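**Q** Compute the structure for the input listed below.
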Amino acid sequence: MLVNEDGQPWEPRTLTYRFYDLCKAANLEPLSPHILRHTFASRLVMAGLDLRTVQELMGHKSILMTMRYAHLSPDHKRAAMETLESRLSSKSPATSHNTPSVFLPQESRKTAIIH
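**A** Predicted coordinates for the structure are as follows:
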């Protein structure tokens, strides 16, 4: 249990006020300490941890609650799309025999074999 300098238990309201004071001292916009939970979940997911593990670390009963906390940054989403694009644009078995021709470049449609 967290205690203050007098040995008394911290109240959530007191922690919130102290957090605001620290934000102000650091020249940050006032934030709620609750935002740290969102940051924690988001960073874990963007680091590659699966949602089930994040759920357990956060103590959530429902995976849906974990999904509310885990937000992907725009840069992370962009990198994911660039990864997909680079994989689809490289030569792979998927581009030659088992991908419907509508997904292939126009010049490849004539030679694609569709099963």
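**Q** Could you measure from Lys61 over to Ser32?
**A** 22 Å (CB to CB, to the nearest Å). Bear in mind the C-beta positions are built from the backbone N, C-alpha and C, glycine included.
**Q** swap that for Leu2, please
**A** 17 Å.
**Q** okay, the two: which has more neighbours?
**A** Ser32 (12 against 8; other CB atoms under 10 Å).
**Q** Check whether the more buried one really touches Phe19, as I assumed.
**A** Yes: assessed by CB atoms under 8 Å, Ser32 is found in contact with Phe19 at 7.4 Å.
**Q** could I get the lengthiest helix in the chain in CSV with only the CA atoms?
**A** Counting residues, the longest helix found in the chain (DSSP state H) is helix 74-89. Provided in CSV are the C-alpha atoms of helix 74-89 (Å, rounded to 0.1, in the frame of the first residue of the first chain):
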residue,chain,number,x,y,z
PRO,A,74,-0.8,6.1,-36.7
ASP,A,75,2.9,5.3,-37.4
HIS,A,76,2.4,1.7,-36.2
LYS,A,77,-0.6,1.3,-38.6
ARG,A,78,1.3,2.9,-41.4
ALA,A,79,4.3,0.5,-40.9
ALA,A,80,1.9,-2.5,-40.8
MET,A,81,0.4,-1.4,-44.2
GLU,A,82,3.9,-0.9,-45.7
THR,A,83,4.9,-4.4,-44.5
LEU,A,84,1.9,-5.8,-46.2
GLU,A,85,2.5,-3.8,-49.4
SER,A,86,6.1,-4.9,-49.6
ARG,A,87,5.1,-8.6,-49.1
LEU,A,88,2.4,-8.4,-51.8
SER,A,89,4.6,-6.6,-54.3
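**Q** pLDDT below threshold where in this protein?
**A** 1, 91-115 (pLDDT under 70).
**Q** all helices for it, in order.
**A** 12-25, 35-46, 51-58, 63-69, 74-89, 106-109.
**Q** Give me the number of neighbouring residues for Leu44.
**A** Other residues lying near Leu44 total 19 when counted by other CB under 10 Å.
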